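>>> here is the input, now give the coordinates:
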Amino acid sequence: MSIERYFTYPTETIEYVVNVSDKYHYMYLANLKVASSSILRVLQLAEADGDASRVPESPHDRAGSPIPAFSAAKTPLKEVIESEAFFKFTYVRNPYTRVLSAYLDKVLRDPEERLRLLPSIGLAADTEPTFLEFLRAIQAQRDSWRDIHWVTQSRLVQINNINYNFIGRLESFATTFPAVLELLGIDHALLTQAGTPPNVTRASDRLREFIGPKEREVIIAIYEADFVNFRYSLDPRVARL
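Sure, this is the predicted structure:
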């Protein structure tokens with residue numbers, strides 16, 4: 001039975017988001033805009049025995065990562081997913097803050113990403129859409145067509161197909177991720193060495209600025225599956241909790 005049983009998106013996406021370590025016996029699926037840069041930096045440093053020179057400048061540089069892509073791992077991905085010997089984990093985030101973080105990072109802050117991504121949702125590359133315009137463009141697409149930065153988390157992490165050992169919440173990351181590292185046998189000191197990634201948006205601090213009744217309605221419509229599957233409140237006022 002092939003890995004298509006577990007993933008309903010292209011192999012290129014699997015290569016990008018799936019990280020398998022034969023050294024520490026884990027599979028981490030990088031959920032974009034959910035501390036994935038921080039997690040990958042720590043895991044890459046661990047794989048490189050703390051040698052920062054062996055870690056790429058961007059944690060998402062798959063070619064330079066010391067963690068092999070699934071196709072290069074010693075253990076076949078199907079076996080990893082089905083084996084109790086591998087710890088399978090990912091992180092999720094409140095849909096309100098995740099999609100706002102994507103907008104702040106990919107539309108408002110990064111001109112190159114704006115040029116690359118806006119045409120994929122039918123918006124002119126040389127414009128700066130409002131958050132509501134951005135949301136409505138996403139809503140008009142099928143989930144299977146959406147970019148991985150704003151596709152539903154339910155689809156990206158394949159919640160119905162992979163039996164995870166742990167699905168963490170970004171809202172409790174500070175306490176749960178050190179526990180994950182301890183379980184894997186990875187030195188906590190690497191958290192300090194990794195530092196803070198440059199793409200942090202502090203979206204949870206800007207919810208009132210960007211999310212009103214109309215935005216809330218569209219976000220709920222787009223991410224209904226995530227609110228249900230990960231048990232997040234529909235009230236954006238508690239999105240930080």
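
>>> which ones are touching the spatially most central residue of the chain?
Centrality entry for the chain: nearest residue to the mean C-alpha point is residue 31, 1.7 Å, by C-alpha atoms, centre = their mean. The contact partners of residue 31, by C-beta atoms under 8 Å, 6 or more residues apart in numbering, come to 17, 90, 91, 92, 93, 153, 156, 157. To be clear about C-beta, it is placed using only N, CA and C from the backbone, and glycine gets the same treatment.

>>> if we use 7 Å, what do you get?
Contact analysis of residue 31 by C-beta atoms under 7 Å, 6 or more residues apart in numbering lists 90, 91, 92, 153, 156, 157.

>>> for it, give its distance to residue 143.
According to C-beta to C-beta, to the nearest Å, residue 31 stands 15 Å off from residue 143.

>>> repeat that for residue 48.
Separation of residue 48 from residue 143 (C-beta to C-beta): 35 Å.

>>> hey, C-alpha coordinates of the helix or strand of the chain with the lowest mean pLDDT in CSV?
Least confident helix or strand, the chain: helix 189-194 with a mean of 91, by mean pLDDT, DSSP states H and E. In CSV, the C-alpha atoms belonging to helix 189-194 read as follows (Å, rounded to 0.1, in the frame of the first residue of the first chain):
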residue,chain,number,x,y,z
ALA,A,189,19.6,24.1,25.1
LEU,A,190,19.0,24.0,21.4
LEU,A,191,15.9,26.1,22.0
THR,A,192,18.0,29.0,23.1
GLN,A,193,20.6,28.4,20.3
ALA,A,194,17.8,28.5,17.7
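
>>> helices along the chain, start to end?
Secondary structure of the chain by DSSP state H: the helices cover 11-17, 36-47, 77-82, 95-103, 111-117, 131-139, 153-156, 173-184, 189-194, 207-210, 213-222, 224-229.

>>> list the buried ones in the fifth one?
Neighbour-count burial for helix 111-117, with 16 or more other C-beta atoms under 10 Å as criterion, is recorded at 113, 114, 117.

>>> now render the residues you listed as a markdown table, adding pLDDT and distance to residue 137.
Shown next, in a markdown table, are the buried residues of helix 111-117 (pLDDT from 0 to 100; distance: C-beta to C-beta, whole Å):
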| residue | pLDDT | distance to residue 137 |
| --- | --- | --- |
| 113 | 94 | 15 |
| 114 | 95 | 13 |
| 117 | 97 | 10 |
